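[1] mind looking at a prediction? Sequence and model below.
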2 protein chains.
Amino acid sequence: MTIKQYKVAVLGATGAVGREMLAVLDERRFPASEVIALASTRSEGEEVLWGKRPLKVRVATPEAFDGVDIVLASAGGTVSRELLPEAARRGCFCVDNSNAFRMFDTVPLVVPEVNPDDLLWHDGIVANPNCSTVQLVMALQPLHQVAGLRRVVVSTYQSVSGAGQKGMDELSAQTIALFNQKPFEVKVHNARIAFNVIPHIGTFDAQGYTDEEMKLVYESRKIMGLPELRVTPTAVRVPVFGGHSESVLAEFERPLTPAQARELLAKMPGVSVVDDPKQRQYPMPIDAAEKDDVFVGRIRQDPTDLNALAFWVVADNLRKGAATNAVQIALLAVERGLVRGAGRTAKA
Amino acid sequence: MTIKQYKVAVLGATGAVGREMLAVLDERRFPASEVIALASTRSEGEEVLWGKRPLKVRVATPEAFDGVDIVLASAGGTVSRELLPEAARRGCFCVDNSNAFRMFDTVPLVVPEVNPDDLLWHDGIVANPNCSTVQLVMALQPLHQVAGLRRVVVSTYQSVSGAGQKGMDELSAQTIALFNQKPFEVKVHNARIAFNVIPHIGTFDAQGYTDEEMKLVYESRKIMGLPELRVTPTAVRVPVFGGHSESVLAEFERPLTPAQARELLAKMPGVSVVDDPKQRQYPMPIDAAEKDDVFVGRIRQDPTDLNALAFWVVADNLRKGAATNAVQIALLAVERGLVRGAGRTAKA
């Protein structure tokens, strides 16, 4: 048997998500003939690991994409806007984890378990949703299919790894400084994050919402194909190293019991139900670390509305919220023959 | 001029809230002829501070309340159930911070800025609401009076001081142990709290809600006099030492703009509006520490409902959420002549 193999580039390979992408490519035995690590000149020559294989980081230039079949990008919006059209023009299938193209009408925004068919209309670039959106729609979709989703109220508890390695380093440094009564810096987060919570991630719009909050509105609508979906978001940074949590209230057109919801969620690929609260079984970020699943628990009826459920969703924001979802998109595109690059044929 | 002075007992004086009660009695120059500190036999002989005055802790027995005019209690439900009826029988005016009597029809549940007149029908015991309820109703009441409150969805970010000094000690100990890669205990909170969030405070009911969550429902209804008020609560412990935060969505019968809400909240005694997000001005627990006010910010329209507002409420749970509110209740009772004990008359 012969299988196609692909030349894969990870753009932003030295970042927290980039490193995780390389790990997931290896864990999932992605059919890669070669993986190259690209980043800015600042990181040139650094080494990153694709599984156990060290890769020397090369500078991300348009020419670096010559001969590449698949690009997984997590280098920020500016870099993606500059380089991914160049890569797409060279025939690359690009999965972009930045915010640059997510709301473009010509760019699918995909969670493979939720809207795989949106991949069909890609034009070289597919967007990976924001971390907090991925885990939200993974929990909402199976319930929506049965009960018809009408409205969502969501408050997040987002870890510092959402701000990358430097976000994690700042939490560490501040914590140590506070315990030693030493001064510390506030540079990455919008205020001191150690032993604090900050109701501010990203930048504010004229209505008083952050872009991080509005991603939950616009991205959920696009992925779920519900342009009128009502979403009221609050995004909050908490002093947790990894793993985002979300307190969700979902209103449906039809009644849905917690037992039905548990059953539907248990059948959803990529979702784990952890919901035996009297036995202290509920999702928590420390338990979600390094896992690919989205964990749902605390599923209960709204006390005043049979058509509404409250629940709690946790996922590793660097995995399913970013790297894992991106690799899954690429795998799905490969399976469906949607990668335009020829691919290299090798003996298996 | 002569003013009445009262003999005050603080029951549970060695706890985190008890110590704060003694501090607030001093700060507010409570008209006390004498303050006595009561606790269990375990704490007998310990010293606590009423302002700068050291008090020797005495054992809380029924007889200890002989001659006492006012009791401020924060010693847990069991102790309150046992001792406060004894104190009331001896003519004491009791303010109880435990959950023991809050939902009794014969016991007013009071936030002085919200429902002061409920004090009128007290029968010796007045209940102090749960910390997370106090700050919630302080923010809701001025908006309700103008727009008619219909529904509340609230997710909390509660600090470890809600579990007392031992709750704070556990966060410290776990944090230090993790940084030193040492083992640690999980005893006070329901799971590791350091660098984690736990969607579990208190005990679960058959519907999957915790008692901590249902306090937000039942207590808000009772204090605001809205027995049908819809409240959907989620209570979550976060690794913050002091200060509870709440993400609130409030639906009203009539439209209310963020500007109107800011104006109404700014006029509410005990509330501070901190709401200039582009200048990074929003409430945070580290800023609320040791303050008596309830801080409200991030006030914005629900993107899909002109009758609904989202906002963010922070308060020091040991101050307005507990000790300050209790002392305010006692002061109000004194001002209104509702303390049955004679009081001692002294020259001012």
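    Right, received. Where do you want to start?

[2] show me the shaky parts of chain A.
    Low-confidence segments of chain A (pLDDT under 70): A:1-3, A:341-348.

[3] same thing but 80
    A:1-3, A:340-348 (pLDDT under 80).

[4] ranges for the strands of it?
    A:2-11, A:32-39, A:47-50, A:53-59, A:70-73, A:93-96, A:125-127, A:149-157, A:230-234, A:244-252, A:271-273, A:294-302, A:305-315, A:344-347 (DSSP state E).

[5] for these, which one sits closest to A:Ala333?
    strand A:93-96 (5.6 Å; Cβ to Cβ). To be clear about C-beta, it is placed using only N, CA and C from the backbone, and glycine gets the same treatment.

[6] and the stretch 51-200 of chain A, which of its residues are near chain B?
    Contact residues (Cβ under 8 Å from any Cβ of the partner chain) of the stretch 51-200 of chain A with chain B: A:151, A:153, A:155, A:157, A:171-172, A:175-176, A:179, A:190-192, A:195-200.

[7] go again with 7 Å.
    A:153, A:155, A:157, A:175-176, A:179, A:190-192, A:195-200 (Cβ under 7 Å from any Cβ of the partner chain).

[8] of the strands of chain A, which stretch is the most buried?
    Most buried of the strands of chain A, by mean neighbour count (mean count of other Cβ atoms under 10 Å in any protein chain shown): strand A:70-73, with a mean of 30.

[9] which residues touch that strand?
    A:6, A:8-12, A:21, A:65, A:80, A:84, A:87, A:92-98, A:326-327, A:330, A:339 (Cβ atoms under 7 Å, 6 or more residues apart in numbering or on different chains).

[10] same thing but 8 Å
    A:6-12, A:21, A:25, A:65, A:79-80, A:83-84, A:87, A:92-98, A:323, A:326-327, A:330, A:333-334, A:339, A:341 (Cβ atoms under 8 Å, 6 or more residues apart in numbering or on different chains).

[11] so what's the residue of the stretch 51-200 of chain A found nearest chain B up against?
    Closest residue of the stretch 51-200 of chain A to chain B, Cβ to the nearest Cβ: A:Ser155 (3.8 Å). By Cβ under 8 Å, 6+ apart, the contact list for A:Ser155 reads A:233-234, A:236, A:246-247, B:155, B:234, B:247.

[12] which one among those gets closest to A:Val137?
    A:Glu246 (11.1 Å).

[13] one step back: any idea how far the residue of the stretch 51-200 of chain A closest to chain B lies from B:Thr14?
    35 Å (Cβ to Cβ, to the nearest Å).

[14] likewise A:Asn128?
    For A:Asn128, the distance to B:Thr14 - Cβ to Cβ - is 54 Å.

[15] when the two are compared, which one has more neighbours?
    A:Asn128 (30 against 20; other Cβ atoms under 10 Å in any protein chain shown).

[16] what is the neighbour count of the residue nearest to A:Gly167 when sequence neighbours are not counted?
    The spatial neighbour of A:Gly167 that comes closest, neighbours along the chain excluded (Cβ to Cβ, 6 or more residues apart in numbering or on different chains), is A:Val160 at 4.1 Å. Number of residues near A:Val160 (other Cβ under 10 Å) recorded here: 26.

[17] neighbours around the closest residue to A:Val114 other than its chain neighbours, how many?
    Leaving aside its sequence neighbours, A:Val114 sits nearest to A:Gln141 (Cβ to Cβ, 6+ apart; 4.7 Å). Neighbours of A:Gln141 under the rule other Cβ under 10 Å: 21.

[18] which residues touch A:Pro183?
    Neighbour list for A:Pro183: A:Ala177 [criterion: Cβ under 8 Å, 6+ apart].

[19] and it, how far from A:Arg192?
    Counting by Cβ to Cβ - A:Pro183 and A:Arg192 are separated by 11 Å.

[20] show me where the stretch 151-300 of chain A has helices.
    Taking DSSP state H, counting those that start in this stretch, the helices of the stretch 151-300 of chain A run over residues A:164-179, A:211-224, A:258-267, A:285-288.

[21] now the first one: how far from the chain's centre is it?
    In terms of Cα atoms, centre = their mean, to the nearest Å, the centre of helix A:164-179 is found 23 Å from the chain centre.

[22] and the angle for it with helix B:164-179?
    120 degrees (axes from the mean of the first three to the mean of the last three Cα atoms, to 10 degrees).

[23] buried stuff in helix A:164-179?
    Going by neighbour count (16 or more other Cβ atoms under 10 Å in any protein chain shown), the buried part of helix A:164-179 is A:164, A:167-168, A:170-171, A:173-175, A:178.

[24] which residues touch it?
    Helix A:164-179 has contacts (Cβ under 8 Å, 6+ apart) with A:15-17, A:160-161, A:163, A:182-189, A:192-195, A:239, A:241-242, B:172, B:175-176, B:179, B:195.

[25] go on, the last one?
    Outside of helix A:285-288, the residues that reach it under the criterion Cβ under 8 Å, 6+ apart are A:157, A:159, A:240, A:242-245, A:274, A:295, A:314-316, B:191-192, B:195-197.

[26] tally of neighbours for the residue lying closest to A:Arg340 once chain neighbours are set aside?
    Distances taken as Cβ to Cβ, 6+ apart place A:Gly91 nearest to A:Arg340, at 5.3 Å, with adjacent residues excluded. For A:Gly91, the neighbour count with other Cβ under 10 Å is 16.

[27] surely A:Ala37 touches A:Val48?
    Yes: here A:Ala37 reaches A:Val48: they are 5.0 Å apart, a contact under Cβ atoms under 8 Å.

[28] overlap in contacts of these two?
    Common neighbours of A:Ala37 and A:Val48 are listed as A:13-14, A:18, A:22, A:55, A:57 (criterion: Cβ under 8 Å, 6+ apart).

[29] and of those, the nearest to B:Thr304?
    Closest approach to B:Thr304 among the shared contacts of A:Ala37 and A:Val48 (Cβ to Cβ): A:Gly18, at 36.1 Å.

[30] before I go, just wanted to say thanks for your time.
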